[in-house]
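In: when you get a sec, could you give me coordinates for this:
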Amino acid sequence: MPTTPEESSRLLAAPEGNRIEFKSATGQYHFDKLVEYCVALANEGGGRIVLGVSDRRPREVVGTAAFTEPGRTKTGLSQRLHHRIPIAEFLHGNKRVLIVHVPSRLPGTAWQIDGRHLKRAGDDLAALSDLELRAIFAETGPDFSAELSSAPVSALSPTLPADFRRRWARKTRQPRIELRSDIELMTDAELLVEGRLCYAALILFGTREALSRYLAQAEIVFEYRSSEASVPAQDSEEYREGFFGLHDALWKKINLRNDRQSYQEDFFRFDVSTFDEVVIREALLNAVAHRDYRLGGSVFVRQYARRPEVVSPGGFPPGITTENIAERQNPRNRRLAESPAKAGLVERSGQGVTLMIETAIRQTKPLPDFADSNAHEVRLVPAGTVQNPNFVRFLGRLGDERLAQIFHSRFCGSGCIAARPPVESDPFEPFTRSNRSRCRRVPRTGQGRALFPVARIACRHRSDRCLHSPQGARP
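Out: Residues are numbered from 1 along each chain as shown. Here you go, the predicted structure:
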């Protein structure tokens, strides 16, 4: 990040090309235009947008008055693009310069805004051509879920497409969708191509018989153990049918042994479920949508007294690690992931891990743990034990509207969740050093600082008490 005179001089001498874009922006600069340039630069491999420098040589620092609150601009970019985009601000002489650091897209993915995949074309922007998009999507190999199977249309359940049709119509507020036949519905969802079913259609809507014949590994095996010891499961069941037919049944199975952790305050009682429905459903959907179907193993869902464990065959897709899983996307089965998003089974496409993290923070539970994943399987453990009842009560008093503001402005996507808050002017006086370390105590996912900003907010509202200390509030 150029902050020294030498670094800024090197930046000014750099040619404008694939990795850097200079803009004078002496006055204001439109935010939507900044968003579009971020998309274009990311699609070209990432780079920097420099505001306050002339775009013609010899370069001249002219200064910029655009985006006087860089933190707010960074938040806006994260909300629009669901990626962390740092912004640096420095003075060259007495003239202000802003640098927007745009990360590269992941292999096999392209950034888009409002359905447009952009690139730079001279001094303007243009859409990526179909040929360019196909080349990008082919980088990580073909999408297995989009491949055509040999299964006939009769392999689809006679009832499950109706549920998809109803959900899709309700989410898009287009009642006409409910008038479409099953064939029209599958075609519009790109699950039926030239009269042949994609594997995604089988995985989502296939009958048990069809899956057993054409894709037997598309099943979920449930096991329950009351103890962490390696003992035979006290309850087990195989689910082999379209995902639209099993996700409710599997949640009900887990919910049968779902303890409520209750906490009293005055005349009010707070109940927190050990297994949160949003988290469980997101974990199941992620396992089904992102597993490697070329491997013969099944998805395993193991339920223990205070934690579930979801294991799916195949490691992380290229570019995804336990450290960046909350802020980067690289769907392995794109066609399969699109249909649940159309039906509203996911709140925000590609944001399932972020939603699980937000829910864990709200309930002061350990963050989702991917630490035991390897090249052959992804192992997710969203623990269910509430760590601090006092903080749960505090968040309950804030109200949903205030909480939404906190999560969108402070965390604003997974990148900001992981970001460490500034320490130059730390208002965290009531916390001792030991309590600060406890606030940072989280599982080994690389998102270990997520609870810290929330605790800071708590102290700003109630500076007389340590609301996130495991010992509870103190006078």
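
In: distance of residue 378 from residue 216?
Out: Separation of residue 378 from residue 216 (Cβ to Cβ, to the nearest Å): 20 Å. Where C-beta positions appear, they are placed from N, C-alpha and C, glycine not excepted.

In: so which of those two has more stuff around it?
Out: residue 378 (25 against 11; other Cβ atoms under 10 Å).

In: distance of that one from residue 48?
Out: For residue 378, the distance to residue 48 equals 33 Å [Cβ to Cβ].

In: tell me where the stretch 301-450 of the chain is predicted with low confidence.
Out: 347-350, 396-450 (pLDDT under 70).

In: just the helices in it please.
Out: Counting by DSSP state H, counting those that start in this stretch, the stretch 301-450 of the chain has helices at residues 334-343, 352-362, 389-398, 400-406, 414-418, 433-439.

In: centre of the chain to the third one, how far?
Out: What that stands for is helix 389-398. Put simply, helix 389-398 sits 25 Å off its chain's centre (Cα atoms, centre = their mean, to the nearest Å).

In: what packs against it?
Out: Applying 3 or more Cβ pairs under 8 Å, 6 or more residues apart in numbering; DSSP states H and E, one finds that helix 389-398 contacts strand 260-265, strand 268-273, helix 451-461.

In: cutoff 10 Å now
Out: On a contact count with 3 or more Cβ pairs under 10 Å, 6 or more residues apart in numbering; DSSP states H and E, helix 389-398 meets strand 260-265, strand 268-273, helix 352-362, helix 400-406, helix 451-461.

In: mind saving the C-alpha coords of that helix as PDB?
Out: The C-alpha coordinates for helix 389-398 follow below in PDB (Å, rounded to 0.1, in the frame of the first residue of the first chain):
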ATOM      1  CA  PRO A 389     -25.700 -15.800  28.100                       C
ATOM      2  CA  ASN A 390     -25.100 -12.200  29.200                       C
ATOM      3  CA  PHE A 391     -24.100 -11.200  25.600                       C
ATOM      4  CA  VAL A 392     -27.100 -13.000  24.200                       C
ATOM      5  CA  ARG A 393     -29.300 -10.900  26.500                       C
ATOM      6  CA  PHE A 394     -27.500  -7.800  25.500                       C
ATOM      7  CA  LEU A 395     -28.100  -8.400  21.800                       C
ATOM      8  CA  GLY A 396     -31.700  -9.200  22.500                       C
ATOM      9  CA  ARG A 397     -32.100  -5.800  24.000                       C
ATOM     10  CA  LEU A 398     -30.600  -4.100  21.000                       C
END
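
In: now do it against strand 268-273, angle only.
Out: Here the directions of helix 389-398 and strand 268-273 differ by 110 degrees (axes from the mean of the first three to the mean of the last three Cα atoms, to 10 degrees).

In: strand 260-265 and helix 389-398, what's the angle between them?
Out: 70 degrees.

In: number the residues from 139 up from this point.
Out: Will do, 139 is the new start, and the previous item becomes helix 527-536.

In: list the buried residues in the helix or strand harbouring residue 426.
Out: If you go by DSSP states H and E, residue 426 is part of helix 415-428. Residues of helix 415-428 classed as buried by neighbour count (16 or more other Cβ atoms under 10 Å): 417, 418, 419, 420, 421, 422, 423, 424, 425, 426, 427, 428.

In: swap in stretch 280-298?
Out: Neighbour counts over stretch 280-298 (16+ other Cβ under 10 Å) mark 281, 282, 283, 284, 287, 289, 293, 294, 295, 298 as buried.

In: how far off centre is that stretch?
Out: With Cα atoms, centre = their mean, you get 27 Å for stretch 280-298.

In: may I have it as PDB, with CA atoms only?
Out: The C-alpha coordinates for stretch 280-298 follow below in PDB (Å, rounded to 0.1, in the frame of the first residue of the first chain):
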ATOM      1  CA  PRO A 280     -16.800 -28.600 -16.600                       C
ATOM      2  CA  ASP A 281     -19.700 -28.200 -14.200                       C
ATOM      3  CA  PHE A 282     -20.700 -31.800 -13.400                       C
ATOM      4  CA  SER A 283     -24.200 -30.800 -12.400                       C
ATOM      5  CA  ALA A 284     -24.700 -29.200 -15.800                       C
ATOM      6  CA  GLU A 285     -23.700 -32.400 -17.700                       C
ATOM      7  CA  LEU A 286     -26.500 -34.300 -19.300                       C
ATOM      8  CA  SER A 287     -27.500 -37.600 -17.800                       C
ATOM      9  CA  SER A 288     -29.100 -40.600 -19.500                       C
ATOM     10  CA  ALA A 289     -32.100 -40.500 -17.100                       C
ATOM     11  CA  PRO A 290     -35.500 -40.000 -18.700                       C
ATOM     12  CA  VAL A 291     -37.800 -37.100 -17.700                       C
ATOM     13  CA  SER A 292     -39.900 -39.700 -15.800                       C
ATOM     14  CA  ALA A 293     -37.000 -40.000 -13.300                       C
ATOM     15  CA  LEU A 294     -38.200 -36.800 -11.700                       C
ATOM     16  CA  SER A 295     -40.500 -37.000  -8.700                       C
ATOM     17  CA  PRO A 296     -44.100 -36.200  -9.600                       C
ATOM     18  CA  THR A 297     -44.400 -33.900  -6.600                       C
ATOM     19  CA  LEU A 298     -41.100 -32.100  -6.000                       C
END
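
In: model confidence over that stretch, on average?
Out: Averaged over stretch 280-298, pLDDT sits at 93.

In: again, but for stretch 237-248
Out: Mean per-residue pLDDT for stretch 237-248: 87.

In: can I get it as PDB, trimmed to CA atoms?
Out: Extracted in PDB, the C-alpha atoms of stretch 237-248 (Å, rounded to 0.1, in the frame of the first residue of the first chain):
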ATOM      1  CA  ILE A 237      -6.300   3.800  -3.900                       C
ATOM      2  CA  VAL A 238      -8.900   1.100  -4.300                       C
ATOM      3  CA  HIS A 239      -7.300  -2.400  -4.100                       C
ATOM      4  CA  VAL A 240      -9.400  -4.800  -6.200                       C
ATOM      5  CA  PRO A 241      -8.700  -8.500  -5.700                       C
ATOM      6  CA  SER A 242      -8.700 -10.900  -8.600                       C
ATOM      7  CA  ARG A 243     -11.600 -13.100  -9.400                       C
ATOM      8  CA  LEU A 244     -11.200 -16.800  -8.500                       C
ATOM      9  CA  PRO A 245     -10.500 -19.400 -11.200                       C
ATOM     10  CA  GLY A 246     -13.700 -20.400 -13.000                       C
ATOM     11  CA  THR A 247     -15.700 -17.400 -11.700                       C
ATOM     12  CA  ALA A 248     -16.500 -13.900 -13.100                       C
END
